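A.B. asks: dropping the sequence and predicted coords here.
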Amino acid sequence: MNNSIGFSKQKSRIIQISAFFLMASFGTIHAQTIKGTVVGKTNGVLPGANISIVDADAKAVSSLDGDFNLLAPKLGEIHIKVEYIGYETKIFPLTIKEGTNDVGYITIAPDEKKNKDKVNDIQEVVIARPNALTQSKAYEIKKNNNAIMEVIAADAIGKLPDRNAAEAVQRVQGVAVARYHGEADQATVRGTPFAWTSALFNGNRLPSANVLGNRSFVLDVIPSELIQFVQVSKAVTPDMDGDAIGGSINFITRTAPARKTLSVSGAGGYNTFSQNATYNGSIVYGDRFFKNKLGVILSGAIWDRQWGADSFDVTYNTASANESQRKSISTVMMKRYMGTRRTIGLNGGLEYKFNPNNKIYFRGMFNKFDDIRPVYESYVDYTNTRYQYNFRYSHYQTELYGMELGGEHSISSKLNIDWMLSDYHTKYFLDTPPANDIKGLPIATFRQKIIGGFTNLSSDGKRYWGFDSPNGIGGEYLDYSSDTANPNEVMNADKLLLSQLVISKLDNNERDKIARLNVKYDLNSNITLKIGAKYREKDRNSSFGYNAVFVPTTSSLLSLSQLGTTDAPKGTAFLNGMNGDYSQYVMNPPTKDQLFQMFSPEFLQQNNFGNFSNSETNATSVYTGEENVFAAYAMAEIKASDKFKIVGGFRNEITRLTLNGAKATKEGTPATTVISESIVESNYNAFLPMLHLRYNFSPKANLRFAYTRSFIRPNFGDMSPGSSIDNTSNPFKITRGNPDLKPTFSHNFDLMGEYYFNNIGILSGGVFYKKISDIVFSDTSVMNLNGTDYMVTQAKNLQDSNLLGFEVGINKRLDFLPGFWSGFGVEFNYTLINSSVEVPRTANGVQYSDKTTLPNQSKNLFNAILYYESNKIMIRLAGNYRGKSVETINQNLGPDYYIWSDKNFTIDFSASYDISKKVKLFVELNNLSNESLRLYMGDNKKRITSNEWYGSRGQLGVRWQIF
């Protein structure tokens, strides 16, 4: 394609320019430039440090690696001043010579002043407890950054029981997470839909192999131990990716330390649901060689845990032609998960400084998440008057691996460039059954007819919850009983007959190759210009929804008891969160080997199973995609005065997307299905102007304003030309693509204030507003095909919407209290969000609109932490709250049939004790409140669609800082 050729040329130019600057920079003569690295006496490199020349208008801020570049106004003797929150201000003389003046490492020590009455400046703080220093890094990065952002450092992550990347950010002001079987796996900024928040690794968006083709990366694959910093940007700048309406979360991996380090940790624990053990361990090694020119970092982590969850799920007859019966119950499913999860992460990095002006680096990582979860599903099917039992053995595998090579070069005292080339690949797949050509999720379905029918039906013969029933019959879900007319007619392994075998294929992978170049020029001490470009080539392959379906062609069916079975999983009592005894729905399932063997050609032939796979659906559920993006930006940083800074510019992103799939059409008389090639092309341009203003009232207080335009690209799965079908659920489900989807754009306005306390704390707050166009939502409707109901999901665009929010946060050490009580502190942040979107509907030929909130958007979010810190002890009790949010919009039936996620509040606890300066004992406890996850339909939280319980977990361990 011509577009691909054009993009290839643009990519080649970026690489050629990078190589030219790399070769040219080594012989460049500099004026008088001061370079160095700021490090803490006991706390490694210090990012965000303020470096200045006394009695001169020359200032710099250290990078995430602690490096700085400062232009000296004259030759001869000057005095350098280094300031950092929580550390002593350091002033030392330096004789400036022509060219580059390398001062090496500048070591500053924690401020241990005892007389608090003499504290007058933010840099002169009292550090009575070393744990406070971990937050000083985050606050310095936040305070000096051009973007509106929140920051957490690796050592701060370690204070709470957050074992993956998503859980690490859930404490940040304005961030909410989604939980999957008790573990956070996605994060969103300011409660917006998860796809509106971009997950970045070292500044680049991660590829995603999400099962439905979503762009949001599933973060449970990344152990938190591999992360050095997390930057949550709420208003981006032109040098950052623009596809971030909610914001971006940048995970920065560990880099080479300033001095030799080796630390290990290990822990063992217990899961109250599965009643089994868990363990995790990590190791970090870093050092420098060849007179500190070569830096090395190696880190690894493993987390292995037994887990489980129970779920009570309900579907309703929303497709009924009789409107009064649409809230009657179709099926009730009682489900248990009981499995093993293992997360492994490896991270390595090299850094080589040729001289003070030239540095290159290499980073590589490998992450693997194995999710083994046998699933046991027991249905009561009121529509077909039968029991159904499904057993499936799933071993979901997620891999993320890749590498990046980059460099930073000072071409002159005013001109600096940095470049990077990266290649990252992610996979999400199933590799079972091992002996089959088709790999996927094997599912065996057994059915048992209920001869005597049901009691507790309403006057119209349907099953309801009592509050929906025409005559108040049905009770509530926590007291559920199937109410068969014959009490002895229960699920029975002798009567559950093998009725269907399905392999649901899953094999998604995505690869991103990126070239990036930034050029920075200091026009003078008050104006800095910056331009840059990025090229990304994305390739995606997706096979999801391809089902091999086998159904017996004889009336002589095998019963569950005739197969090789094993004991049902143990753990806590089944559906322990409800009020009844549900042990009658627990069956001894087939063994794993028996399940796999049932899909062998010999078993299928011997037991008269025919292949009833839907060739139409299978052909249209597979697609490949290629997306090329070329982005360029220009921006200026203007120091209008000592207190006022302006950052303005624009970013332009050109997107070229091609999806190759298949579509099914009906042709001829009689009509036959014809499968033909289908190509979807979507080309668009995003011009994104941005303006940031920052006014510093004092060294401790500032006010920020930002206007930004950002956007979000539609998900691949939402635009795919075909459809997929799930005929193992009840009712069956169809997922369709929509090739006509448009990208979503937003005008964003932010006003934020920050005040930094002397004792390392902060008070912040502000308001934000977003004007959004062409938002994408998931529309759910029900259609009847040949007498069978199908739940159909398809993405669609809505018209304009808006979001208005307020947030406030405080972190305050209560060191003004006497004695023991001075060790206490509080951390609290709260976000209030109101959004409005109109959903167009048509009823009886009349068009109108319903108003609702944005999907996944919670009105209320807050984190509350009470902590105690002393020289040896750290204790934290943390609460995380996310309010209710609409998850699925039913455009056809309206708000009474929207699916909502209920409010969720979890309580976690962590504590540590320093046995010595190098050895720390710690304990971590999750979900002490035993909170469950709840989804419901319409305006009544008791009209449940899903309630899942997963228990609590905890561990006890030790960390050893060897050196």
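C.D. replies: Noted; the coordinates are in hand. Numbering: from 1, shown residues only.

A.B. asks: so what's His427 up against?
C.D. replies: Careful, residue 427 is Lys; it's not His. 209, 397-399, 508-509 (CB atoms under 8 Å, 6 or more residues apart in numbering). (C-beta placed from N, C-alpha, C; glycine too.)

A.B. asks: among those, which are in strands?
C.D. replies: 397-399, 508-509 (DSSP state E).

A.B. asks: between the contacts of Lys427, which is nearest Thr888?
C.D. replies: Asn508 (22.1 Å; CB to CB).

A.B. asks: could you report the neighbour count for the nearest residue to that closest one once chain neighbours are set aside?
C.D. replies: Residue nearest to Asn508 in three dimensions, not counting chain neighbours: Ala209, with 4.2 Å by CB to CB, 6 or more residues apart in numbering. By other CB atoms under 10 Å, the residues close to Ala209 number 26.

A.B. asks: pretty sure Thr37 contacts Pro257?
C.D. replies: No - using CB atoms under 8 Å, Thr37 makes no contact with Pro257, being 10.9 Å away.

A.B. asks: find residues that contact each of those two.
C.D. replies: Val45.

A.B. asks: ok, now how distant is Thr95 from Leu71?
C.D. replies: Distance, Thr95 to Leu71, using CB to CB, to the nearest Å: 16 Å.

A.B. asks: is Gly269 bridged to anything, and to what?
C.D. replies: Thr278, Gln955 (DSSP bridges).

A.B. asks: ok, it - how many residues close by?
C.D. replies: By the criterion of other CB under 10 Å, Gly269 has 21 neighbours.

A.B. asks: quick one: contacts for it?
C.D. replies: Residues counted as contacts of Gly269 (CB under 8 Å, 6+ apart) are 277-280, 305, 924, 953-956.

A.B. asks: show me which of the residues you listed are buried.
C.D. replies: 278, 280, 305, 924, 953-955 (16 or more other CB atoms under 10 Å).

A.B. asks: show me which of those is closest to Thr658.
C.D. replies: Nearest to Thr658 among the buried ones among the contacts of Gly269, with distances taken as CB to CB, is Arg305, at 41.1 Å.

A.B. asks: apart from its chain neighbours, what residue comes closest to that closest one?
C.D. replies: Arg305 sits nearest to Thr278 (CB to CB, 6+ apart), 3.7 Å away.

A.B. asks: give the contact list for that neighbour.
C.D. replies: 268-271, 303-306, 953, 955 are the contacts of Thr278 under CB under 8 Å, 6+ apart.

A.B. asks: pLDDT added to these, as JSON lines?
C.D. replies: Shown next, in JSON lines, are the contacts of Thr278 (pLDDT from 0 to 100):
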{"residue": "Gly268", "pLDDT": "94"}
{"residue": "Gly269", "pLDDT": "92"}
{"residue": "Tyr270", "pLDDT": "94"}
{"residue": "Asn271", "pLDDT": "92"}
{"residue": "Trp303", "pLDDT": "88"}
{"residue": "Asp304", "pLDDT": "92"}
{"residue": "Arg305", "pLDDT": "89"}
{"residue": "Gln306", "pLDDT": "89"}
{"residue": "Arg953", "pLDDT": "90"}
{"residue": "Gln955", "pLDDT": "91"}
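
A.B. asks: with distance to Ile889 added, can I get the residues you listed in TSV?
C.D. replies: Below are these laid out as TSV (distance: CB to CB, whole Å):
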residue	distance to Ile889
Gly268	45
Gly269	40
Tyr270	41
Asn271	35
Trp303	36
Asp304	39
Arg305	35
Gln306	37
Arg953	34
Gln955	40
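
A.B. asks: for the record, mean pLDDT for the helix or strand containing Gly825?
C.D. replies: Per DSSP states H and E: Gly825 is located in strand 824-843. For strand 824-843, mean pLDDT rounds to 87.

A.B. asks: what lines up beside that strand in the sheet?
C.D. replies: According to DSSP bridges, strand 824-843 has these partners: strand 801-813 (antiparallel), strand 846-852 (antiparallel), strand 860-869 (antiparallel).

A.B. asks: perfect, I'm done here.
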